[in-house]
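Visitor: Sequence first, then the predicted structure:
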Amino acid sequence: MTTVQSPVPASAAPVSGRARGAGARGAAWLRVAGGLLAVLGALLPWATFVLNEGPYPEKATLQFFVAPLGLTGFRLHLALLGLAAILVSVRAVRGRARIVRALGWGIVATSLVNGLYITVEGGGLGAITASGGSAAFGAVVALIGGAFAAAGAVGGGIEPLPVREWRMPWWAEWLLLLVLFGLLLLVVSAVLTSGGQGGVVNPYAGAVFLSFLAAAGGAFAALHASGLLTWLAAVAERHRVFSIVVLLVMALLLPLTGAGTEYWMTVAANIGVYAATAIGLNIVVGLAGLLDLGYVAFLGIGAFVAANLSGAAASEIGIRLPFPLVMIISAVVAGLFGAVVGSPTLRVRGDYLAIVTLAFGEIFVRSAQNNIGGLTGGANAIPNIPQVSAFGTAFNESIAIGAVTLPAGVLYYVLIVLLVAVVMLVFGNLKNSRLGRAWIAIREDEDAARAMGIRTGPIKILAFLIGATLAGLAGAFFAHKTAVVAYDSFRFLESVTLLAAVILGGMGTIPGAVFGASILFVLPEKLREFADYRLLLFGLALVVIMRFRPQGIIPDRHRRTELAPVTAQDPPPAKGAEA
Amino acid sequence: MTAPILEAAGVTMVFGGLTALKDVSFTLRDGEIIGLIGPNGAGKTTLFNCLTGLYAPSRGAVALRGTRLACDPARVTAAGVARTFQNIRLFPGMTATENVLVGRHVRMTQGPLSSLLHGPRFRRSEAEAAERAEKLLAFVGLTRFADELARNLPYGDQRRLEIARALATEPSVLLLDEPTAGMNAQETQSTRQLILAIRDLGVSVVVIEHDTKFIFTLCDRVLVLVQGELLVAGTPDEVRGDPRVVEAYLGAPPEEIEAQIHRSEV
Ligand SMILES: Nc1ncnc2c1ncn2[C@@H]1O[C@H](COP(=O)(O)OP(=O)(O)OP(=O)(O)O)[C@@H](O)[C@H]1O
Ligand SMILES: [Mg+2]
C-alpha cells in the first residue's frame, strides 16, 4: 500500500558490457572536457568592448581577472568550479556524478548571467563573440563547458545520495563547527557586499550579485551532492546547543565584516523584523496549518501600540514608557487581537479561513488609514518616534570601542538579532512540546486530532495568540527603528510577502523562515539596478525555487505541504463518510 | 454488580431521510471482546461515530460506567474510549513515535508556559511520554519503524500504529473499525493475538469485521447489525446458527458468506 517499489527496469534495452564500458568512458571524458572548457573560458576574454562606467567590463575584457582572490570575481568562480569538476571526475569520489552535475549547472548559470548581461549591455551577440576587430569567446566556451560537464554526469548515471557517517572526537567536531560557521559568516558578508554596497555605488552590482549567487549555488549543490552538507547538519545536530551559541555569536559579529555599514545594518534590521514575524506566522501556517492572509496586521498593531506609547508628538496618548515595557505591552495587545481574530475562524476551515483572515487584514488597514480611534495618524502616519536609547546612547548612533568604530544602527542590529533568537527559542520549544504536537496533528488531520482528545478550538486560538504576540514584539522594534509608523506598511502585499518567506524557506522550520525573509529583502535590494525588471526577476526567482524545491529551501524533516502532489500512498477515502 | 463499562441505550441516527441507526442498545462488560458484524452500509461505522461523540445521536445515549458521555470526541477520549478508523486516519507527516505521542495528549499535563520554558517538570513528562511511546510501539511490534513517517509504513503496520496511538490514550474501551482489512492471513493472525493481548491489559474491545470466521473465533459475544437495526446479539455459536443472520447475509451458509464477502471486497 505504501512505498510502491518501482521495479528495476529489467526489460530495458540490453546493453552489452563492452558498450556500457565505452559509454561510461565517453561520459567520463565529457566531464573532464567540460571542466577544462570552463577553466579555459574563465581565462579567455569575455567582452569585445569596454564600458566606461566601472569595474565590470574592465574585469571582463582583461586577459585575467583583476583580483585573483577577490571572492566576487566571476572568472575565479568559474575556474574553481571547472577545476573541481576535473578533480572529481578523475578521482573515485562518492556521489561523483551528482557533484559534477551540480558543478556543471553552476558553471552554466554563472556564464549565462554574465554572458547575458554583457550581450545586453553591448547591444547584441557581437559583444560576447567577435566584433570591431576583437574576439571574446569566454562566455560561450564556459557555457559549453558547463553543459558538457552536466551532460557527462547525467550520461554516466546518477547514483543515490551518499551517506557519510564519520565521527570525530567532540573537540574536533566543535572546532569543525566553529570553522564552518565562521566561513558561513564570511560567505554571508560576501553575498551582501558582492558588487559593492548597492546600486548607487556600482552600476553592475545586480549582475555581479546574481553571478555570485549562481556560483555559490553551484558550489553548495555540489557540497550537498557529496553528502557533506547532510553530514555537517548531522554534526551540528549532535552539538545543538553549541551550534546555536556559535551561530548567535557569528550573527553578532557581522558588523565587524565588510557588511558592517549603516546601510546593511538597516537592511539586516528589516530582515530581522520580518524574520521574527515570519516565525510567528510559521506557528499559525507551518505548524497548525491555518492559512492566514492578514497576518501583517499584528505587526501593525504592535507597531502602532509602540508608537503611541513612545512619547511621539503625533500620538494622542502622549505618554512615554520605557522601551522594554512598550515591547511587552505591544506584544500582549497584538496577542489579544490574535485571539479575538482567531475565535470566529474556528468554525471555518481551509479556503474559508483564508478569506476571513484576509478580511481582517483589510479591516485593519482601512481603520488605520482612516485614523479610527485617533491612534494611527491616518495618512499622516505617526512620525518622529524617539529612538531607543540606553546609557545615554541612542541606538541609531555609531559607537566606538577602542580602535574599532561600529557603524550606525549597530545597536538596533544587536537588538534584533537577540529578538530573533528569542523568537526562535519560543518557536523551537513550542514545536517540541505537547502543544506543538497538537498543532501539527491538527494540520495533518483535524478530525483524527479531535478523536485523540485534542480540544482543537482552544489549541487553534493559542496558535493565533502566540503567533500574533511574536509579531507584536517585532512591531514594537519596527516602530522605533524606522521612527515612523504608517498604515501602508501593513498592506495585503506585506502579508503575502511574509507568507512567501515562510513557504520559500520551508514551512515549519526556523532557519527556513529566516532564510526566506532574508531572500525576500536582499534580492530586491541587490536587484535595484534592474529597476523595472526587478519585480519580474524576483517573481521568476520564486517560481524557479518553488518548481525545484516545493518543500522550501530548508524543509522540515517531515513536511507535508498541501502543495505536494497526492500520491497513491494516501489511503483512498472510504465509501461511507466516516467523519 | 457494577455498571457495564459501556452502555448504548436506544441510539438512533438519522441523516436527512436515511435512518442509519434505529434504536440500537447494547452493553459491553469488563474484559469482554464484542464483535460487530453486518453487511456493507449496515451502520457499523456510524455506531462507532455515535459512541465516540463524532456524531450526536438523533436519539438515545451512551454511558461509560454509568456516566453519560458528551458529544465531543476530545472529551470522550479523555473519559476513556479510544478508537481506530476504517479508512486509516494517522497523522501521515509525523513519525510513528510522534503519532503515539499525540495519543498521550490527554494524559499529559503540560501547560503552555511549561511548553515554552522546558523546565525540569516538562522534561520529566516528555521523558515519561517517550518511554511509554517506545513501549507501546514495541507492544504492537513497530519498534523498527519508530522514526519512520506514518505514511511510509506498510499498510498493515499503519493499522497497528493506529492501535498503538489509541492505546496511548489509556482507554478502558477500545473500538476497532475493521482492523484486519487489507491484511494477509499471517497479519490477520497476529492482529488476533494483539487484540487478545489488549484484552489481557484490562481493556474491553469492540471489533467491526467482515471476516466472520475471525469474529466468531475471537469474540465473547457478537452483535449483528442489519440496515441500522440490531438483528441478533449473542455468543458466536448462537449467532452462527441463527436463521435470521443467515438470511440477512444473502441467504447463504456461513462458509459461503465469507467467500461472498471476500469477493465483494476485492
Ligand atoms: N455523515 C453521513 N451523512 C449521510 N449519510 C451517512 C453519513 N455517514 C454514514 N452515512 C450513511 O449511513 C449508512 C451506514 O454507513 P456506515 O458507514 O455506518 O456503514 P458500515 O456498516 O460501516 O459499512 P461498511 O461495512 O461499508 O463500512 C450508509 O448508507 C451511509 O451512506
Ligand atoms: Mg464501516
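Guide: Alright, I've got the coordinates. Ligands and ions are numbered 1, 2, ... in the order given.

Visitor: contacts, neighbours, all on C-alpha from now
Guide: OK.

Visitor: which residue does the stretch 151-300 of chain A bring closest to chain B?
Guide: Residue nearest to chain B within the stretch 151-300 of chain A: A:L287 (11.4 Å; Cα to the nearest Cα).

Visitor: Contact partners for that residue?
Guide: Counting by Cα atoms under 8 Å, 6 or more residues apart in numbering or on different chains, A:L287 makes contact with A:K431, A:G436, A:W439, A:I440, A:R443, A:M507, A:G508.

Visitor: Need the residues you listed in JSON lines (columns: neighbour count and pLDDT).
Guide: Putting the contacts of A:L287 into JSON lines (neighbours: other Cα atoms under 10 Å in any protein chain shown; pLDDT from 0 to 100) gives the following:
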{"residue": "A:K431", "neighbour count": "21", "pLDDT": "91"}
{"residue": "A:G436", "neighbour count": "23", "pLDDT": "94"}
{"residue": "A:W439", "neighbour count": "30", "pLDDT": "95"}
{"residue": "A:I440", "neighbour count": "24", "pLDDT": "94"}
{"residue": "A:R443", "neighbour count": "22", "pLDDT": "92"}
{"residue": "A:M507", "neighbour count": "30", "pLDDT": "76"}
{"residue": "A:G508", "neighbour count": "31", "pLDDT": "74"}
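
Visitor: Let me have those residues in CSV, adding distance to B:T52 and secondary structure as columns.
Guide: Formatted as CSV, the contacts of A:L287 follow (distance: Cα to Cα, whole Å; DSSP: H, G, I helix; E, B strand; the rest coil):
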residue, distance to B:T52, secondary structure
A:K431, 28, helix
A:G436, 25, helix
A:W439, 22, helix
A:I440, 22, helix
A:R443, 21, helix
A:M507, 33, coil
A:G508, 31, coil
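
Visitor: that's a helix at B:L230, yeah?
Guide: No: counting by DSSP: H, G, I helix; E, B strand; the rest coil, B:L230 is located in no helix; its state is strand.

Visitor: how near is it to B:T12?
Guide: 11 Å (Cα to Cα, to the nearest Å).

Visitor: shared neighbours of those two, anything?
Guide: Joint contacts of B:L230 and B:T12 (Cα under 8 Å, 6+ apart) are B:K22, B:V24.

Visitor: Wondering if stretch B:199-217 reaches ligand 1 at all.
Guide: No: between stretch B:199-217 and ligand 1, judged by Cα under 6 Å from any ligand atom, nothing touches; the nearest distance is 7.1 Å.

Visitor: buried sites along that stretch?
Guide: Going by neighbour count (16 or more other Cα atoms under 10 Å in any protein chain shown), the buried part of stretch B:199-217 is B:199, B:203-212, B:215-216.

Visitor: again, but for stretch A:322-330
Guide: A:F323, A:V326, A:M327, A:I328, A:I329, A:S330.

Visitor: and A:V120, how many residues sit next to it?
Guide: 13 (other Cα atoms under 10 Å in any protein chain shown).

Visitor: for A:E397, that is, sorry about that
Guide: 17.

Visitor: just to revisit the earlier point, let's see which of the buried residues of stretch B:199-217 end up in strands.
Guide: B:S204, B:V205, B:V206, B:V207, B:I208 (DSSP state E).

Visitor: where does chain B have its least confident helix or strand?
Guide: Sorting the helices and strands of chain B by mean pLDDT, DSSP states H and E puts helix B:254-265 at the bottom, at a mean of 55.

Visitor: Return the residues in contact with B:D23.
Guide: B:A9, B:G10, B:V11, B:T12, B:R59, B:G60, B:E229.

Visitor: and the first one, what does it touch?
Guide: Contacts of B:A9 were listed using Cα under 8 Å, 6+ apart, and they are B:D23, B:V24, B:S25, B:F26, B:G60, B:A61, B:V62.

Visitor: and if you look at the fifth one?
Guide: Taking Cα under 8 Å, 6+ apart as the definition of contact, the neighbours of B:R59 are B:G10, B:V11, B:T12, B:M13, B:D23.

Visitor: which one among those gets closest to A:V208?
Guide: Using Cα to Cα, B:M13 comes nearest to A:V208 of these, at 69.7 Å.

Visitor: So that closest one: helix, strand or coil?
Guide: Secondary structure assignment for B:M13 (three-state DSSP): strand.

Visitor: partner residues bridging it?
Guide: B:L21 (DSSP bridges).

Visitor: and it, how many neighbours?
Guide: 24.
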